[in-house]
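>>> need a 3D model of the sequence below.
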Amino acid sequence: MCWLTAVLAAISWPPQTAPAQTAKEAVAIGVVYPTATTTIEAPSSFIVGSIAPGHSLSCNGQKVRVNDHGFFAHMVPLRHGGNHFVLTLDDGNTREININREPALQHIAEDHLAIGSIEPSQDLGVKCGDNVSFTVRATPDSKVTVRLQNRLIELANTAKSIAHKKGAVGPRGQSVAYGQVYERHKDTTSDLYSGFYRVTAEDHWQAQPAVVSVLHDGKTVQKASGGRIWTVTQPSLAETAQARTIVRLGPGLARTTQLDEGVRVEVDGWVGTQMRCPYTPLKHVWIDRKELVFEGNTPESKKGASNAAPQGVARTINIRTCDYGQSIRIPLEQRLPYQVEQKLAPNSLILKIYGVTADTDWITPPASPNPDSAGDNGAAVTKVIDHLDWKQPADGEYEVTAHLLTGRQWGYKVYYDGTTLCLDIKRPVSLAAGSKKLSGIKVCVDPGHGGTETGSIGCSGVHESEINFNMALKFKDLLEAQGATVIMTRTSDSQFVSLDDRVKIANDAGADFLISIHNNALPDGQDPWKEHGTSAYWYHPQSIQLARSLKDSLVHQLAWPDLGARYQNLALVRPAAMPAVLVEVGFMINPDEYAKLIDPSIQSKAAECLLDGLITYLKNGSDEGKQ
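I've put the predicted structure just below:
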């Protein structure tokens with residue numbers, strides 16, 4: 001089957017309801033996005049599909065841009081609710097498209113006495129000094145108050161605040177997609193009231209609801225909040241329940257260093273199921289309740305818990321040599337929380353341990369490496385740490401800095417061995433001599449999506465997962481030809497592998513690199529003809545140069561727009577044990593790039609670019625970390 005025939009065969013043709021054509025058969029209009037069940041949040045979207053090459057197409061009378069392969073992506077504005085579009089071919093054939101945008105935000109009318117939503121809607125645990133913020137939808141031009149037991153808080157109308165005060169609370173109804181802010185809802189805030197209350201030592205609440213009262217034209221209506229509030233006078237004690245406990249900087253917000261199992265923390269508040277854990281009096285993190293085991297007299301308490309405060313003393317720091325590289329080991333009396341910060345200039349790793357006070361008299365160096373010993377990739381064990389220093393920047397915060405000898409960083413692991421906190425720092429990875437440059441190097445190749453997770457869909461209906469897998473297989477063959485050991489996270493396009501399992505595969509294999517291969521799409525509201533190209537994503541600073549090298553190789557050889565190497569919080573780039581990068585080779589919904597992505601020769605070219613980018617990265621290893 002020729003390439004064009006295969007492309008057309010992949011189009012999801014609509015059923016023919018009209019009588020069969022007796023003369024020239026009508027050309028079908030294939031549409032892959034949006035589907036009939038799609039609800040759009042943005043004020044615009046795109047219709048993506050294909051027609052037979054050589055024909056022209058219009059949408060509600062407006063000409064649609066169609067490339068030489070018959071692929072199109074057409075931007076359309078959307079009003080809230082239903083939107084109707086008619087695609088018309090030059091032969092008169094039509095296809096009707098109905099696109100549903102979410103309903104407009106319903107405001108409470110001035111002549112209707114009512115209370116709408118109340119925030120907080122989740123249960124809260126608060127302590128003295130905390131602010132409790134309230135947001136209420138209610139009848140405009142009303143007096144709105146919140147009663148918490150014997151406390152009365154008057155709320156202000158947000159619209160008046162915005163109109164009369166600089167620096168006041170900004171407009172609501174905005175969302176962010178692909179780094180762009182757009183107006184999801186037109187929100188006049190005329191019915192929006194807000195305020196806050198600071199908890200005092202005299203407040204004693206146990207499952208206390210917030211009761212909202214609205215007074216308008218002499219009439220009053222009341223409503224209790226869905227969330228209840230407790231005051232916490234003494235923190236609870238808990239332990240982390242698993243080896244990769246997720247830790248966040250706010251309830252449901254950005255992540256920080258994961259914690260090992262059995263790390264003891266205090267809990268002094270909560271929002272819903274997110275527990276607030278103080279590392280120091282001025283630093284809190286948040287951990288989901290299901291990832292904690294509470295100590296004390298509760299049904300879910302851990303048996304044999306000590307109930308001792310989570311604190312300790314650091315007396316010595318030991319450096320040991322291991323197959324991975326070198327290991328910093330700090331004996332403690334119990335497992336205490338920690339964070340790792342990575343810096344590239346100067347090249348260092350900073351380990352912060354909370355609840356610890358310094359009494360550090362010894363930093364013991366490692367024994368001289370055995371020249372006959374070898375690491376897990378066959379290379380001789382290499383010294384990576386130049387020296388360590390420590391400091392106590394605040395009460396209960398102990399900080400150890402590892403100053404590194406290597407030109408760049410290659411990965412780290414942080415974990416507990418008993419109650420000894422270990423920070424393992426990976427030895428450098430280098431090219432081998434001879435024709436097989438990647439001998440002894442392990443590369444985990446992740447073909448994005450797969451199975452029921454098909455990823456984005458191209459103009460003619462080919463799924464991203466299929467293209468990702470084809471590129472990954474070609475990349476695997478090239479790596480193995482250069483002597484690399486390749487670990488695939490999935491081995492067929494029908495195979496589903498969770499994100500956590502993909503990361504586990506890379507970690508368990510001791511991979512030197514994790515490279516996840518994807519092809520991109522855009523959220524609604526963006527223009528596929530204007531925003532497209534090649535990008536790569538990193539999370540830890542150690543992966544920046546690899547992301548740049550892979551992206552630069554693709555951009556240079558494929559000549560697609562350069563969207564840069566960017567930070568993004570993605571599961572496949574969060575592993576710290578090795579440089580981990582996710583590449584977006586091209587855009588599935590850009591008609592021109594998609595036409596190339598489904599071409600096997602371009603897939604092979606992309607694989608070659610990735611190989612070249614990895615080898616270039618390794619060649620430049622001694623200098624890039626000094627930039």
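>>> check which residues of stretch 347-367 are buried.
Applying a neighbour-count criterion of 16 or more other CB atoms under 10 Å, the buried positions in stretch 347-367 are 347, 348, 349, 351, 352, 353, 354, 355, 356, 358, 360. Glycine gets a C-beta too; all of them are placed from N, C-alpha and C.
>>> pLDDT score for the fifth one?
In this model, residue 352 is scored at 98, pLDDT.
>>> repeat for the first one
Model confidence at residue 347, expressed as pLDDT, equals 95.
>>> ok, it touching residue 407?
Yes. Look at residue 347 against residue 407 with CB atoms under 8 Å: they come within range, at 7.4 Å.
>>> report the buried residues of the longest helix seen in the chain.
Selection of the longest helix in the chain by residue count, based on DSSP state H, yields helix 600-619. Residues of helix 600-619 classed as buried by neighbour count (16+ other CB under 10 Å): 602-618.
>>> again, but for stretch 476-491
In stretch 476-491, residues buried by neighbour count (16+ other CB under 10 Å) are 476, 478, 479, 482, 483, 484, 485, 486, 487, 488, 489, 490.
>>> ditto for stretch 568-576
Neighbour-count burial for stretch 568-576, with 16+ other CB under 10 Å as criterion, is recorded at 570, 572, 573, 574, 575, 576.
>>> quick one, longest strand in this protein?
What stands out as the longest strand in the chain, according to DSSP state E, is strand 219-231.
>>> show me the domain layout of the protein.
In terms of domains, the chain is parsed into 3-101, 115-229, 236-294, 312-426, 442-624 (source: automatic domain parsing).
>>> so which of the ones you listed is the most packed in?
Mean neighbour count, computed with mean count of other CB atoms under 10 Å, is highest for domain 442-624 among those, reaching a mean of 21.
>>> I'd like the mean pLDDT over that domain, please.
With pLDDT averaged residue by residue, domain 442-624 scores 96.
>>> quick one on the thing from earlier: residues in contact with the longest helix of the chain?
Residues from elsewhere that reach helix 600-619, judged by CB atoms under 8 Å, 6 or more residues apart in numbering: 429-431, 437-438, 443, 467, 470-471, 474-475, 477-479, 482, 513, 515, 517, 545-546, 549-554, 556-558, 583, 585, 596-597, 624.
>>> ditto for stretch 243-250
With contact meaning CB under 8 Å, 6+ apart, stretch 243-250 is reached by 254-261, 263, 274, 285-288, 291, 415.
>>> what's near enough to touch residue 445?
472, 475, 476, 479, 486, 487, 488, 489, 515, 517.
>>> closest to residue 127 out of those?
Checking these against residue 127 with CB to CB, the nearest one is residue 489 at 44.0 Å.
>>> ok, that closest one touching residue 495?
No. Here residue 489 does not reach residue 495: they are 9.1 Å apart, not a contact under CB under 8 Å.
>>> so residue 327 lies in a helix, does it not?
No. When DSSP: H, G, I helix; E, B strand; the rest coil is applied, residue 327 is found to be strand, with no helix at that position.
>>> that one and residue 617, how far apart?
Computed with CB to CB, to the nearest Å, the distance linking residue 327 and residue 617 is 25 Å.
>>> next: residue 271.
Taken as CB to CB, the spacing of residue 271 relative to residue 617 amounts to 42 Å.
>>> just residue 568 next, same as before
Residue 568 sits 19 Å away from residue 617, taking CB to CB as the criterion.
>>> just to revisit the earlier point, neighbouring strands - and their directions - for the longest strand of the chain?
strand 124-126 (parallel), strand 208-216 (antiparallel) (DSSP bridges).
>>> what residue ranges in the stretch 251-400 of the chain score low on pLDDT?
Confidence mapping of the stretch 251-400 of the chain against pLDDT under 70 gives the ranges 297-306, 367-381.
>>> what are the ranges of the strands in it?
Secondary structure of the stretch 251-400 of the chain (DSSP state E, counting those that start in this stretch): strands located at 255-259, 264-267, 269-271, 274-280, 283-288, 292-294, 312-321, 325-331, 338-344, 347-354, 356-364, 385-394, 397-404.
>>> just after the last one, pick out the following helix or strand.
So that's strand 397-404. Past strand 397-404, heading to the C-terminal end, the next element that is a helix or strand (DSSP states H and E) is strand 412-417.
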